[in-house]
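1. Need coordinates for the below:
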Amino acid sequence: MTAEKAEELGYQPYARWVCGAEAAVDPSIMGIAPAYAIPIALERAGLKLGDMDVVECNEAFAAQNLAVIKELEKQTGEKVVMDRWNPLGGAIAFGHANGASGARCALFAMKQLERTGGRYGLFSACCGGGQGVVSIIENLKK
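-> Predicted coordinates for the structure are as follows:
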């Protein structure tokens with residue numbers, strides 16, 4: 001929804017979508033593609049991983065997130081701040097909502113930014129066929 005339409009309807013937006021990115025790897029390496037999509041989005045936004053106050057990375061299983069973190073640190077040259085990574089728990093804790101994983105990650109990122117007063121959040125997921133997607137948002141509820 002545009003800012004103008006939200007204002008017309010009396011809605012207060014939670015966040016602004018900054019940018020997104022996608023990447024793909026060999027499908028036999030399931031789950032790792034977010035580690036390649038995240039740096040693309042960060043570059044598009046002119047931001048660094050350390051600028052992210054919350055990162056929601058949907059996981060199919062626990063080891064997948066560990067692999068994404070390890071590869072992401074190689075790709076960005078930055079250390080992941082673990083207190084900001086799935087701070088409330090991920091899909092293992094809350095469920096892997098069929099067809100709604102992205103919506104859950106987006107909502108959790110927005111609410112965590114609101115709770116902490118953080119500015120930027122990132123949410124990502126791996127997809128079938130070796131794909132990974134990511135979006136960066138900015139908190140407007142500060």
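
2. At which residues are the helices of this structure located?
-> 3-9, 34-45, 62-76, 91-94, 101-116 (DSSP state H).

3. just checking, what packs against the shortest one?
-> Contacting helix 91-94 under the criterion 3 or more C-beta pairs under 8 Å, 6 or more residues apart in numbering; DSSP states H and E are the following elements: helix 101-116. Bear in mind the C-beta positions are built from the backbone N, C-alpha and C, glycine included.

4. So for the protein, the centremost residue is which one?
-> Among the residues of the chain, the one closest to the centroid is Phe123, at 1.1 Å (C-alpha atoms, centre = their mean).

5. Lowest average confidence across helices and strands of the protein, where is it?
-> Least confident helix or strand of the chain, by mean pLDDT, DSSP states H and E, is helix 91-94 with a mean of 79.

6. Would you mark the buried spots in that helix?
-> Across helix 91-94, burial judged by 16 or more other C-beta atoms under 10 Å covers Ala91.

7. Mind exporting the C-alpha coordinates of it to CSV?
-> Written as CSV, here are the backbone C-alpha positions of helix 91-94 (Å, rounded to 0.1, in the frame of the first residue of the first chain):
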residue,chain,number,x,y,z
ALA,A,91,10.3,-22.0,12.6
ILE,A,92,11.4,-24.8,14.8
ALA,A,93,9.9,-22.9,17.8
PHE,A,94,6.9,-21.5,16.2
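
8. ok, residues contacting it?
-> Asn58, Glu59, Ala60, Phe61, Ala62, Leu88, Ala97, Ser101, Arg104 (C-beta atoms under 8 Å, 6 or more residues apart in numbering).

9. Rank those residues by pLDDT and give me only the lowest.
-> Across the contacts of helix 91-94, the bottom pLDDT score, 68, is held by Ala97.

10. low-scoring stretches of this structure, by residue?
-> Applying pLDDT under 70 to the chain flags residues 97-98.

11. Tell me the most packed of the contacts of helix 91-94, by neighbour count.
-> Ranked by the number of neighbours (other C-beta atoms under 10 Å), these place Asn58 first, at 26 neighbours.

12. Thank you, goodbye.
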